[in-house]
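Visitor: Mind looking at a prediction? Sequence and model below.
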Amino acid sequence: MDKEENQHNTSSLDTENDEQSSEQVVEDQKVGSDSVDKEKERKLTPEEELEALKDKLARTFAEMENQRRRFEKEKDDAYEYGGYSFAKEALNLLDNLERSKVALENDEKLKNTDALKKIVDHLNIINNDMLSIFKKNNIEPIKSINEKLDPNLHQAMMEVEDDAKEPGTIVQEIQKGFMMKDRLLRPSLVGVSKKKTEESKKENQKDEKNQ
């Protein structure tokens, strides 16, 4: 019986110790939490409040200035390039005029007739008038023929063998490109020169000998 009582007492003491330890941990956590809360609740000194206010004001003024600059840039772009989309679409009219002129000039029934000459003259007048209107609005064609290929202004569509030109020189303009001030409306579609291959040169030499 004494042994059983001793074991029971020892068990009870262990349990009480565990409960006291748990209570102590909880109490310590409460104390730590209270100290953090007290630190947060600590009032700023007048100097600290003034510095915080200055910082907020500086951030607010900086954001206002950034917004003002963005607004000014958007306003300037709208004024400078407000007709950009319209001008880009209007280029289709020039393309259609050019296609119509080529189609008429290739019509076998109209070739070498006075009617064709009059029609082509009228198409040229319309074309020149449109270019003049474009120029007044700072829209001008890009120079291409005999210029070096510029990827920012030209788009190479084909290569043409030509030893008389430096490689990369524009020798053919498929579609005219345009600029609106310093902004690209569309690139010029061009053909550029390249050196003749050795096989082509040999074939040309053979043809010359046979002749």
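Guide: Ah, there it is.

Visitor: List the buried residues in the strand or helix carrying residue 122.
Guide: Assigned by DSSP states H and E, residue 122 belongs to helix 114-136. Using 16 or more other C-beta atoms under 10 Å as the test for burial, helix 114-136 gives 116, 119, 130-131, 134. The C-beta positions use only the backbone N, C-alpha and C, and glycine is treated the same way.

Visitor: cool, and stretch 148-163?
Guide: Buried, per 16+ other C-beta under 10 Å, within stretch 148-163: 149, 153-154, 156, 162.

Visitor: Out of those residues, flag the one nearest to residue 65.
Guide: If you rank the buried residues of stretch 148-163 by distance to residue 65 using C-beta to C-beta, residue 153 comes first, at 36.1 Å.

Visitor: Surely the closest one is in contact with residue 185?
Guide: No. At 10.8 Å, residue 153 does not count as touching residue 185 under the criterion of C-beta atoms under 8 Å.

Visitor: who touches both of those two?
Guide: Shared contacts of residue 153 and residue 185 (C-beta atoms under 8 Å, 6 or more residues apart in numbering): 177, 179.

Visitor: circling back: which one among the buried residues of stretch 148-163 gets closest to residue 53?
Guide: Nearest to residue 53, judged by C-beta to C-beta, of the buried residues of stretch 148-163 is residue 153 at 53.8 Å.

Visitor: I'd like the distance between that closest one and residue 105.
Guide: To residue 105, residue 153 is 28 Å away according to C-beta to C-beta, to the nearest Å.

Visitor: Show me what the mean pLDDT comes to for the helix or strand containing residue 65.
Guide: Element membership of residue 65 [criterion: DSSP H and E] is helix 46-81. Mean pLDDT, computed over helix 46-81, is 78.

Visitor: Need the nearest residue in space to residue 158, chain neighbours excluded.
Guide: residue 191 (4.4 Å; C-beta to C-beta, 6 or more residues apart in numbering).

Visitor: And the helices in the chain?
Guide: Using DSSP state H, the helices of the chain run over residues 2-40, 46-81, 84-105, 114-136, 198-210.

Visitor: Can you report how many residues neighbour residue 55?
Guide: For residue 55, the neighbour count with other C-beta atoms under 10 Å is 10.

Visitor: do the same with residue 95
Guide: Quick note: residue 95 (other C-beta under 10 Å) scores 11 neighbours.

Visitor: how close does it get to residue 70?
Guide: Using C-beta to C-beta, we find residue 95 at a distance of 36 Å from residue 70.

Visitor: ok so, going back, any idea how far the residue nearest to residue 158 lies from residue 151?
Guide: Distance from residue 191 to residue 151, by C-beta to C-beta: 15 Å.

Visitor: Repeat that for residue 51.
Guide: Distance, residue 51 to residue 151, using C-beta to C-beta: 53 Å.

Visitor: Equivalent analysis for residue 71, please.
Guide: Counting by C-beta to C-beta, the gap from residue 71 to residue 151 is 34 Å.

Visitor: Also residue 112?
Guide: 42 Å.

Visitor: try residue 85
Guide: For residue 85, the distance to residue 151 - C-beta to C-beta - is 24 Å.

Visitor: quick one on the thing from earlier: which two in the buried residues of stretch 148-163 are spaced the farthest apart?
Guide: Across those (C-beta to C-beta), the longest gap, 20.6 Å, separates 153 and 162.
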